[in-house]
Structure formats: C-alpha cells, structure tokens
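>>> quick check, what structure comes out for this input:
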Amino acid sequence: MEQEPKRHPFVPPPTGLEGREQELGWAVRALVRTLSDRTPYPHEFNDALVKSTLTHLEFCRQHGLVKEMQQHQVKTLEPVLRRVKMVMEKAGDPELALVGMFDRTACHYQLVKFTEVEPGVRRFPCPFRLVLEQGRRIGQYHMELTDVHEQWCVATWQGYADYLGVKLEISPCDGGMVEVRLAQPALASATAAETAAAPASGS
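As a prediction, this is how the structure comes out:
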C-alpha cells in the first residue's frame, strides 16, 4: 500500500484553496473594502446580505405577501432539506437538523458573526439591528426588529424544522443574542463522523 510522502515540518498542510488563490484575493479585497466603509455607518461583513433580506421582507410586507414568502422560502430549500432529513433519520439524531440549518450552510455563517454550538442549542448575535436602524432612519424600511425576527427568522427556521420533523424553541430578539434550541434532546447515537457528513442546507 502506497504511503503518503512525508511532509517537511515547516511546510503547512494543504488548505483546500490551492488553485483558487486569485478568488481568495478577490474575496479578501471585497471584505476589506466592506469593513473600510464607515459612511454613513460602519459596515459589517454581512452588510449586503442583511440589506437584501430586509428589502425582500419589506416588499412582501407592503404587498401582503408575507405568508407566501415564508412558504416559498421553505419550498425553495426543499431539495436540500430532503437530503438533510434523510441523513438525520438514518443517524436517528435530531441534532443533525441543527447542523444542516446552522452549522453547514453559508446562508447562516455568512449572515452572523459567530455561532455558539452546544448539543441541541445554537446561539448567535442578531445580524439585522444595525442596518435596520440605519434604513429606518432614512425611510428605507418601516418595520421593527421584532417583525424581522418573527416574520423572517422564526418563520423560516420553524418551516425548516417542520419539514425535518423536529420542534424548535426560539428566543425573542432584542438585537442581542438569539437562541435556537431543540425542544427534544438530541440522541447520543450520532457520531462525530456522521455529524461531519451531514449535508449543508445550501444558499
């Protein structure tokens, strides 16, 4: 059996980004430009995604389409949710629902600054407060933070959870930390390997 060649101790291991150096440079440049934008407020790395979400919700609220928006969001993710459910049921562990919804999807980790992970629990800072306050100040948005939390965040996560067959307990939002908790404890049957293999819920 052929063995892997020995690596010199001063040579770093592969990053998985080999061959994508130019793309990485573009990404870092966009991040630096975003964080350097301090006018009319200090932009955060997720600024464009937050604005897109708020603008989408504002439109649906103005046209009485909130319910349809919530249903469409779940329907759009159904092919991916189907894969997550298959892996979750095979492992017999509802914890994998949280992995698919929060840990392995760029839709989440590109939106929030960080996520605290505990068995059956995910906590993260609300990403919408700053941009919503600035948009309300100049008349872009006419909703409250509680509207965003209930009509977008809670409705979306509960829709995913219903499809996956789990129950969630979601904390209110005052602009600080948000907590999403499985209403039933995660089973201990899932191994670390099974968790790592859970598919992402996609963008």
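
>>> would you mark the buried spots in stretch 86-93?
When burial is assessed from 16 or more other CB atoms under 10 Å, stretch 86-93 yields the following buried residues: 87-88, 91, 93. C-beta coordinates here come from the backbone N, C-alpha and C atoms, glycine included.

>>> mind listing the strands for the protein?
Counting by DSSP state E, one finds strands in the chain at the ranges 116-118, 121-125, 168-170, 177-182.

>>> would you turn these into JSON lines with distance to Thr156 and mean pLDDT?
Compiled in JSON lines, those are given as follows (distance: least, CB to CB, whole Å; pLDDT from 0 to 100):
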{"stretch": "strand 116-118", "distance to Thr156": "19", "mean pLDDT": "96"}
{"stretch": "strand 121-125", "distance to Thr156": "14", "mean pLDDT": "97"}
{"stretch": "strand 168-170", "distance to Thr156": "10", "mean pLDDT": "97"}
{"stretch": "strand 177-182", "distance to Thr156": "11", "mean pLDDT": "97"}
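
>>> can I get those strands in JSON lines with mean neighbour count and distance to Cys153?
Compiled in JSON lines, the strands of the chain are given as follows (neighbours: other CB atoms under 10 Å; distance: least, CB to CB, whole Å):
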{"stretch": "strand 116-118", "mean neighbour count": "12", "distance to Cys153": "17"}
{"stretch": "strand 121-125", "mean neighbour count": "18", "distance to Cys153": "11"}
{"stretch": "strand 168-170", "mean neighbour count": "15", "distance to Cys153": "8"}
{"stretch": "strand 177-182", "mean neighbour count": "18", "distance to Cys153": "7"}
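
>>> what would these look like in CSV with distance to Leu31?
Supplementary listing: these in CSV, determined by distance: least, CB to CB, whole Å:
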stretch, distance to Leu31
strand 116-118, 23
strand 121-125, 18
strand 168-170, 30
strand 177-182, 24
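
>>> neighbours around Cys158, how many?
No Cys there; residue 158 is Gln. Applying other CB atoms under 10 Å, we find 16 residues neighbouring Gln158.

>>> what sits against it?
For Gln158, the contact set (CB atoms under 8 Å, 6 or more residues apart in numbering) comprises 168, 170.

>>> now Arg104: phi and psi?
Here is the backbone geometry of Arg104 (degrees, to the nearest 10): phi -110, psi 30.
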